[in-house]
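Novice: sequence? don't have it. structure:
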């Protein structure tokens with residue numbers, strides 16, 4: 001499976017499809033206090049000797065505070 005196939009896939013589905021014990025998850029967030037709304041989706045996949053990194057973000061964000 002190519003990493004491009006995972007773009008915009010829900011995060012839980014992507015984790016289930018990746019067979020790498022060294023999986024790292026990074027959640028992008030806005031520069032202001034916010035709550036994620038919708039589905040957490042894969043935005044970027046990076047693979048190297050350290051493992052696989054999923055960069056994920058929500059469909060939208062609602063500002064709080």
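Specialist: Ah, there it is. Note that the structure is predicted; figures quoted are calculated from it, not measured. Numbering: from 1, shown residues only.
Novice: helix or strand for the spatially closest residue to residue 30 that is not a sequence neighbour, which one?
Specialist: Closest residue to residue 30 apart from its sequence neighbours, by Cβ to Cβ, 6 or more residues apart in numbering: residue 61 at 5.2 Å. For every residue, glycine as well, the C-beta is placed using N, CA and C. Per DSSP states H and E: residue 61 is located in strand 51-63.
Novice: please identify the buried residues of that strand?
Specialist: 52-54, 56-58, 61 (16 or more other Cβ atoms under 10 Å).
Novice: which residues sit against that strand?
Specialist: Here strand 51-63 makes contact (Cβ atoms under 8 Å, 6 or more residues apart in numbering) with 6, 11, 14-15, 18, 20-30, 32-47.
Novice: in helices, which of those residues fall?
Specialist: 11, 14-15 (DSSP state H).
Novice: show me the beta-bridge partners of the most centrally placed residue in the chain.
Specialist: When Cα atoms, centre = their mean is applied to the chain, the residue found nearest the centroid is residue 56 (2.1 Å). Beta-bridge pairing of residue 56 under DSSP bridges involves residue 27, residue 42.
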